[in-house]
Structures are given as structure tokens and as C-alpha cells.
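> next one to model:
(2 chains)
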Amino acid sequence: MAMATTIRNAASRRAMSPISVDFSLRSMSSWWKNVEPAPKDPILGVTEAFLADPSPEKVNVGVGAYRDDNGKPVVLECVREAERRIAGSSFMEYLPMGGSVKMVEETLKLAYGDNSEFIKDKRIAAVQSLSGTGACRLFADFQKRFCPGSQIYIPVPTWSNHHNIWRDAQVPQKTYHYYHPETKGLDFSGLMDDVKNAPEGSFFLLHACAHNPTGVDPTDEQWREISQLFKAKKHFAFFDMAYQGFASGDPARDAKSIRIFLEDGHHIGISQSYAKNMGLYGQRVGCLSVLCEDEKQAVTVKSQLQQLARPMYSNPPLHGAHIVSTILGDPELKSLWLKEVKIMADRIIGMRTTLKESLEKLGSPLSWEHVTKQIGMFCYSGLTPEQVDRLTSEYHIYMTRNGRISMAGVTTGNVGYLANAIHEVTKSSS
Amino acid sequence: MASSMLSLGSTSLLPREINKDKLKLGNSGSNPFLKAKSISRVTMTVAVQPSRFEGITMAPPDPILGVSEAFKADTNELKLNLGVGAYRTEELQPYVLNVVKKAENLMLERGDNKEYLPIEGLAAFNKATAELLFGAGHPVIKEQKNIFNDAKVPWSEYRYYDPKTIGLDFEGMIADIKEAPEGSFILLHGCAHNPTGIDPTPEQWVKIADVIQEKNHIPFFDVAYQGFASGSLDEDAASVRLFAERGMEFFVAQSYSKNLGLYAERIGAINVVCSSADAATRVKSQLKRIARPMYSNPPVHGARIVANVVGDATMFGEWKAEMEMMAGRIKTVRQKLYDSLVSKDKSGKDWSFILKQIGMFSFTGLNKAQSDNMTNKWHVYMTKDGRISLAGLSLAKCEYLADAIIDSYHNALLYWETPIEL
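Numbering: from 1, shown residues only, chains lettered A, B, ... in the order given. Below is the predicted model:
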């Protein structure tokens, strides 16, 4: 941690712009008079409200953190075992700026494939990141620095923090059609039109699988068409993959969209997170990768990514990365992890089925096909904000006002209650 | 006085480096070349466009972290790493505090979950860290965050280090702070200044507080070494507590990288002392808003370790003892280095600055050429500004280091970089 201590004559210093403040009042008032309260985060605010609710019947289907069938947070067995192995033994020296090399290596295999030629050819610039948020932010800052005239195209809807990330990186945003409210599925033609109409060489944010918040993913065939159009338009594809393994239960399957783009020759960027699929939420472990032309360029790009990270946090936290590399580096632990991911994904798929069937049994006038068609942690229910408010005020059910239900919070214990409540607030809808 | 605190990750507050590299702007849209690629029985023509990242040049190696890399590559058995400021034992091994191992085992046994922390971090950590800094009973509202250095904040410098005395240029410092436009932010090192090891005396701190208050400046304290300077957590917080008593609004960044050896866990705190609870609440909300699109919420592991250690009277006592031991080792090494220099150097040069400096680092007064000599001839790795990390020095190596310093000082090329502008 070096500080500049060169000596300069005070008079030769750059002038700083004066701050216009009424100095006579200064000693009485705060510097921060003009600081407004920031708006509450729409997602994290839900959990706060849930925690404050004393009702014994309350249900939290707000934030996307996995719960077991008893509604309890889960620490995976493979994670516990990894922690046992590393407890007390690891030195806590700073990681290099790019993070844990071992963790990054294993993480790239998950996204690009175990035998990826790009890994062999060392064409991927990759750094450990502060989970998915950190990877997206690092990429946004990188985009701003090296393609300063560019914009980012973001799907409608998306995880609300995506907007914050590119905004704070000062990259202008545009949106593209994604969710079709009538079908509660993909607005494929709207999406393709927007891709076609975007200026050549635009940057697009894509959800690799288990779209958040809708759970609506393109089919493989649709991904191929999207990829072809991207090629024609020379667009840059940045994939946010926060749910690999969590969507279908099979990590390789969930990376299909990425593999399609790689086959088609795109040089993509990827944000990966272990928050959900390894349950390492609070550890902040992830990876940002950028596929480059060749090894030399990958080294260069990596150096620039590190340069962006250094003034932000110097180097990333060790503990979570150590857990990841311990698990993925040991065939037995890795295989245990894959089993546990599948169990989590299957439980959610099971709850989707149960919820849909319960609503149908109650005689709901609406179609709930989308509950089982959508994929991943979330269900975009189609509930209006008013209906969501009723669920909260009358039934103590907490979710975000866009009608997103975190299926991970649904259990055999509460699914009946949930279905009934949803039925009650929607039965008079046409 | 109510105050709001937020956590700062142990990032160094580097002055903004102007990027002199030429960057290729945007995608020039040059003609793609076609590359035929076979996939099973279908031959696809794949358009491989030239990379957007054509014009990107290699970033310069980090001046501090790059030193360790160079050290690793050196095969000479006499080599010594006095680069990065990470504490080493007398055997020059990294040190995981016993109290930290204890805390981790406790956490393992308890089977804590790994859920997201709130944006502002672990409440137990926030409480503990504020008390450590401000003293118990100081009313605070807490927060934990990583803060990044916003490279878009223009900066200027104030005089601090006097190469003639290898000490503090106190008059220059006061003059420059007085001259800064009213309401400037002033970065101060709470204790154990990095890289010089030169701290103001308690009397000088009072005068610094006076002039800052007079000019309505906003102090920003970087406290990365609380406990590591004198060995006493309270003594090392004296400068911060002085300012708190004055009723000023100010910032304090804290880190547990060094004093709890939690370097890699990235655990710290940013504290913002405001003049009212209302201001604190608003400020906290805005800081959360900045944090959310940067990293969402902070890493839990290090926070739990700190909360466990500081929150338990026995472990806290054990920590204080280990802290005193680490600071003590460094003081002993300083003394030995000084004794070696004095006994070996016949030139009459005054080496007492080594003893006057405090904390992990020492500013040797060696210039770049002399520092290069240290590395090239003596395989002693240090930063080019003449900083050595005493935490990386053992008693056994003091004499060797003294030889290296004396040789470099007297015999290296007498090129002196003169940053003084008249």
C-alpha cells in the first residue's frame, strides 16, 4: 500500500475547484445536507420486511437463495467437507490480483468445457471476481475504458442490479425485448428485431440459462438463430451465468447457449457465480472471463482487468475460492457436488409441478402452464403489483412486486398455502 | 454525536495514474476475414471478426505486488523480500494468528450458514469494529463495505516527508493544509504511515486537527495498522479519537489485513462520522447504493472471524497478546538493524531515523538507483521509493541488510531524483 509522498511546492499544485458552501453556517451544519436517502433495494428490501413480520404463517419467496424442504438455508456437504480440509491450514496471504489460479482454471472448465481448445490455447483472459455482481461490474468498467463509445443492451426484464452496474460504470443502456407478458414466455421475434436493429458491433447482455427474473430461456434452436444474427451484426455477447447447474440439474446442459456461441466463433465474455450452485452466497466467489484472439491478447486483457480491480479492492477474498478449488479439484468432492446440485434443481422442479397442480385443483380460471415451463430458481407468475400487495398484506407472503416468485422458497409445507393465496387474489381475473 | 460507519476493503488509495497508453477507440469495423471450419460432415463458414481488443496494451506491473513476483523468480539463496507489507515470523514464514485459527474452528463446529450478508455487512462485526476504533461507548451506527477509489476524484498533494531529515516536514504539511481551498478532503494515515513509518507526534496531531478544523476540511483517515504501530490498539487509535472528540465530520477506513493477519479475506470497515443521526442514515443509504452494483454485499468469512475474536473477551485478550508480539518483533528488528548500521558504517551518517519510524515500514532514504542496487547486487527486494518492510526482516538477516544498505547508499550511482520544484 504505497502512498505518494513526493514533495511539491504548494503553489505549483493543481488548483482544485472551490466548493460553494455557505461557510458561515459550516460549523453548524453537515457536509451531507444534500445527500438524499437512497431508494430501498427492491429485492433485498423484501427480506427485510419479511423478517420484521411476526405472523407464524409468513412465507418468503423473495430473494433467490435456495432453501431446503424445511425452508432452511443449506450448506452443501461438499462445502462442509472442503472447509474441514482447509480449516487451520491455509495461510491467509494476499491472493494475486487475478485471484486464485486454481479456482479460475476449474471455473473456466465449467463454462467452456473440460477439453476446451480455448483453455488449451490460453486464449481466455480470466480473473476471480466478487461473485457475479463483481464480474459484471468489472466487465462494465472494462467495456467503458476500452470501448468508451459503446452501449449495453439489457433484456426486459432483468435482474434489477444489472441496470445499477452498467449505470455506475457509466455505460449508456438500451433495452431489448425479451419477456412476452401474454404468453409468459419468450418474445422471440421482438428479441430478434431488436438485435437486428441495434447498430453493428453492439454489446448485449444475455442470461446463459435460468433467466432472472422470468425463468424464460430460449430453446437451443432459438439460441442458434440468435447466434447467427449476432454474427451477421458483429455484436458482442456478454453472458451472465449465475445458475449453471441450477436450471436443469446438469451444468453441461446449462452451458449450452455459451457452447453454441463458442462453436459459432464468437469472442464472448462470461460472468460466473458460485453463490447459488455451490451455496457460497456470502463468500462472494465468481469469475470474469473474456475470450481473446490469442494467448498474447489474453495476457494483455487480463493485465487490464487486474488494473481495474486493484483500486477497487486490490485482490479478491480467499476463503470461498479455496472452497471451490478444493471441491472441483477433487474428483470425489466434485462428484458429490454434482449430486447435490441436481438434488437442489430437482426439488425446485418438483415444487413447480406441485404448485401448478395445486392451482389447477383449486379450479383457477387462469393458465399456470408457465410455472412448469419456466426454468431455474424463479417463476414469473404474472401477478400484478396490486395482487402481490394483497398477498403480502392479507397472507404474509413476500415476493418482489414484479410478481417474481423464488421457487427455492417454496416447500411441501407451504405450497398449499401459497397456491390457495394466489388463487384467492387471482380467481376473479379473466 | 451519532455516527455512521461503513467498511472499506483494504485497498490502497493510490493517486490516480494517468493512463498514457494509447487506446484504440471502439470497433473500427474493418473487414472480417472468413475462416472455413469443419463441424462433423457440415462445413460451416465462420466469420471471425477481428478482435475489439486489438489496441489494448499491457498494463504496467503493479509497483508493489510486482516486487513479490520478481522475488519469487530470483534463484539466489541470499535473497530477501522486503517488498509487500505482510507480516513474517523470525523464520520468515507467513503467520496465521492462533486466535484466528481458534475462531475458524469455532465457526466450523457451529456450522454457520453461508447466506448473503446485508449490503452493510455483518452487524456483529460492525459493532465490534466501531468500538475498537472509537472506544466503547461511542455512539455509532454501523456498516461494512468495500469502497473503491473513484479515479475521477481530482487530487493534489501536501508535503509530508522531508528527505533531508528522513522525517516529517511538519511546517510544510501545515502550510499546505492551510493553503488548500476550504472544505478539502485531507487523507491522513492514522498511525504507522505507509511507506515512511513517520508519524506526527501527539502534539503535532493537535496542531493538525486545529488547522483542519479552522479550514473546515474533511479528514479521511486510513487506519490499516491499528495495534501494529505501538502494539496497543488504543494508543494507535489516538489520532482518530482526537478528531472524534473535536466533533468534526470525517471518514475512517479500517483494515484487518495486518493486525489480524486476514490479508486475503478482504475485511475492513469504512466509518463515516456525521453530525447527526439523520445525516448518518442518509449517507449510509447512499453508500449501500454504491456498494450494491459493485459487489452486492461483502464477504462473510473474514467478518465472522473478526466478530468472534473481538466479541469474546478471552479471544480478544489473546489477540492483544499476539498483536503485541508481532509489533514487538518489529521493534526488536528495527533496533538490531540500527545497531548493525551504526557499527558497520564508518561515515558518521545518522541512522537514528530507523528508530524514530514506526510500524511495518521504514523509509530508508535510498533513491531509485540505490534501491536498484539493493536488488541487483544484493538480491534485496523492496519498492523503488526506498521503502523496506521490516515485517519481512529477521534478526538473522539484519547484518546482511545493513551491509546492503551501506553499500547502496555510498556506492550506487549518485543519481538523485529531485522532485522539489522551486
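
> show me where the stretch 151-300 of chain A has helices.
For the stretch 151-300 of chain A, the helices defined by DSSP state H, counting those that start in this stretch cover A:160-168, A:188-197, A:220-233, A:251-254, A:256-263, A:295-313.

> with distance to chain B and mean pLDDT added, can I get the ones you listed in CSV?
C-beta coordinates here come from the backbone N, C-alpha and C atoms, glycine included. CSV is the format used below for the helices of the stretch 151-300 of chain A (distance: least, CB to the nearest CB, whole Å; pLDDT from 0 to 100):
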stretch, distance to chain B, mean pLDDT
helix A:160-168, 4, 95
helix A:188-197, 16, 98
helix A:220-233, 5, 98
helix A:251-254, 18, 97
helix A:256-263, 7, 98
helix A:295-313, 4, 91
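
> looking at the ones you listed, spot the one closest to residue A:330.
helix A:251-254 (16.4 Å; CB to CB).

> only alpha carbons, please: show the closest one as PDB.
Extracted C-alpha coordinates of helix A:251-254, given in PDB (Å, rounded to 0.1, in the frame of the first residue of the first chain):
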ATOM      1  CA  PRO A 251     -24.100 -28.000 -15.500                       C
ATOM      2  CA  ALA A 252     -23.000 -29.000 -19.000                       C
ATOM      3  CA  ARG A 253     -26.600 -28.700 -20.300                       C
ATOM      4  CA  ASP A 254     -27.000 -25.300 -18.700                       C
END
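
> got the buried residues for that helix?
If you call a residue buried by 16 or more other CB atoms under 10 Å in any protein chain shown, then helix A:251-254 has these buried ones: A:251, A:254.

> so what secondary structure elements neighbour it?
Here helix A:251-254 touches no other helix or strand, going by 3 or more CB pairs under 8 Å, 6 or more residues apart in numbering or on different chains; DSSP states H and E.

> pull the distance from that helix to the chain's centre.
Here helix A:251-254 is found 16 Å from its chain centre; the criterion is CA atoms, centre = their mean, to the nearest Å.

> so what's the gap between the longest helix anywhere in chain B and the chain middle?
Identified as the longest helix of chain B according to DSSP state H is helix B:313-344. Remark: helix B:313-344 is offset 19 Å from the chain centroid, using CA atoms, centre = their mean.

> where does the most centrally placed residue in chain A land on pLDDT?
By CA atoms, centre = their mean, the mean C-alpha position of chain A lies nearest to residue A:242, the distance being 4.5 Å. According to the per-residue confidence, residue A:242 scores 96 in pLDDT.

> which ones are touching it?
By CB atoms under 8 Å, 6 or more residues apart in numbering or on different chains, the residues touching residue A:242 are A:132, A:207, A:210, A:212, A:271-273, A:275-276.

> ok, which stretches of the stretch 201-350 of chain B are strands?
Here the stretch 201-350 of chain B has its strands, by DSSP state E, counting those that start in this stretch, at B:218-223, B:250-255, B:268-273.

> anything in the second one sitting right up against chain A?
No: judged by CB under 8 Å from any CB of the partner chain, strand B:250-255 stays clear of chain A, getting no closer than 8.8 Å.

> partner strands of that strand and their direction?
strand B:218-223 (parallel), strand B:268-273 (antiparallel) (DSSP bridges).

> for the ones you listed, give me CSV that also has mean pLDDT.
Output for the strands paired with strand B:250-255, formatted as CSV (pLDDT from 0 to 100):
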stretch, mean pLDDT
strand B:218-223, 95
strand B:268-273, 91
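
> so of these, which one's packed in deepest?
strand B:268-273 (a mean of 26; mean count of other CB atoms under 10 Å in any protein chain shown).

> run the angle between that one and helix A:295-313 for me.
40 degrees (axes from the mean of the first three to the mean of the last three CA atoms, to 10 degrees).

> closest to residue B:123 out of the contacts of residue A:242?
residue A:275 (20.7 Å).

> where do the helices of the stretch 301-430 of chain A begin and end?
A:318-328, A:331-361, A:369-373, A:385-395, A:415-426.

> show me where the stretch 1-150 of chain B has its helices.
B:65-73, B:98-110, B:123-134.

> relative to chain A, which of those helices is closest?
Among the helices of the stretch 1-150 of chain B, the nearest to chain A by CB to the nearest CB is helix B:98-110 (4.8 Å).

> and the closest one, what's buried?
Of the residues in helix B:98-110, those buried (16+ other CB under 10 Å) are B:99-100, B:102-104, B:106-107.

> hmm, that helix touching chain A?
Yes: for a cut-off given as CB under 8 Å from any CB, helix B:98-110 has contacts with chain A, namely B:100-101, B:104-105, B:108.

> these into a markdown table, with extra columns for pLDDT?
What follows is the residues of helix B:98-110 next to chain A, written out as a markdown table (pLDDT from 0 to 100):
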| residue | pLDDT |
| --- | --- |
| B:100 | 91 |
| B:101 | 91 |
| B:104 | 90 |
| B:105 | 90 |
| B:108 | 88 |
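
> check contacts around residue B:396.
Residue B:396 touches residue B:90, counting by CB under 8 Å, 6+ apart.

> now it: how far from residue A:107?
Going from residue B:396 to residue A:107 by CB to CB, to the nearest Å gives 41 Å.

> which among the contacts of residue A:242 count as buried?
A:132, A:207, A:210, A:212, A:271-273, A:275-276.

> show me which residues of the stretch 101-250 of chain A sit near chain B.
A:130-131, A:133-134, A:137, A:145-150, A:161, A:164-165, A:167-168, A:200-201, A:231, A:234, A:236.

> just the buried ones from these?
A:130-131, A:133-134, A:137, A:146-147, A:150, A:161, A:164-165, A:168, A:201, A:231, A:234, A:236.

> farthest pair in the residues you listed?
A:130 and A:231 (32.0 Å).

> report how many residues lie close to residue A:325.
Applying other CB atoms under 10 Å in any protein chain shown, we find 21 residues neighbouring residue A:325.

> what of residue B:237?
24.

> and for residue B:90?
Residue B:90: 13 neighbours (other CB under 10 Å).

> contacting residues around it?
Residue B:90 sits in contact with B:329, B:394-396, where contact means CB under 8 Å, 6+ apart.

> who wins for neighbours among those residues?
residue B:329 (20 neighbours).

> and the closest residue to residue B:170 other than its chain neighbours, how far is that from chain A?
Among residues not flanking residue B:170 along the chain, residue B:204 sits closest, at 5.7 Å (CB to CB, 6 or more residues apart in numbering or on different chains). Residue B:204 sits 16 Å away from chain A, taking CB to the nearest CB, to the nearest Å as the criterion.

> per-residue pLDDT, residue B:204?
98.

> now the one 3 residues further on
According to the predicted model, the pLDDT of residue B:207 comes to 98.

> same question, residue B:128
For residue B:128, the model assigns a pLDDT of 86.

> and it, what does it touch?
So residue B:128 contacts B:306-307, B:310-311 (CB under 8 Å, 6+ apart).

> mind checking how far it is from residue A:138?
Applying CB to CB to residue B:128 and residue A:138 gives a distance of 30 Å.

> please apply the same query to residue B:121.
Residue B:121 is 21 Å from residue A:138, by CB to CB.

> same question for residue B:401.
For residue B:401 relative to residue A:138 (CB to CB), the value is 39 Å.

> now swap in residue B:368 and tell me
Taking CB to CB, one finds residue B:368 at 32 Å from residue A:138.

> looking at these two, which is more packed in?
Shown here are residue B:368 and residue A:138; by other CB under 10 Å, residue A:138 has more neighbours (27 against 16).

> so that one sits against residue A:129, correct?
Yes: between residue A:138 and residue A:129 there is a contact at 5.7 Å, judged by CB atoms under 8 Å.

> intersection of neighbour lists for those two?
residue A:288.

> list, one by one, the residues from the stretch 201-350 of chain B near chain A.
B:216, B:218, B:224, B:249, B:257, B:261-266, B:274-276, B:279, B:281-283, B:285-286, B:288-290, B:292-302.
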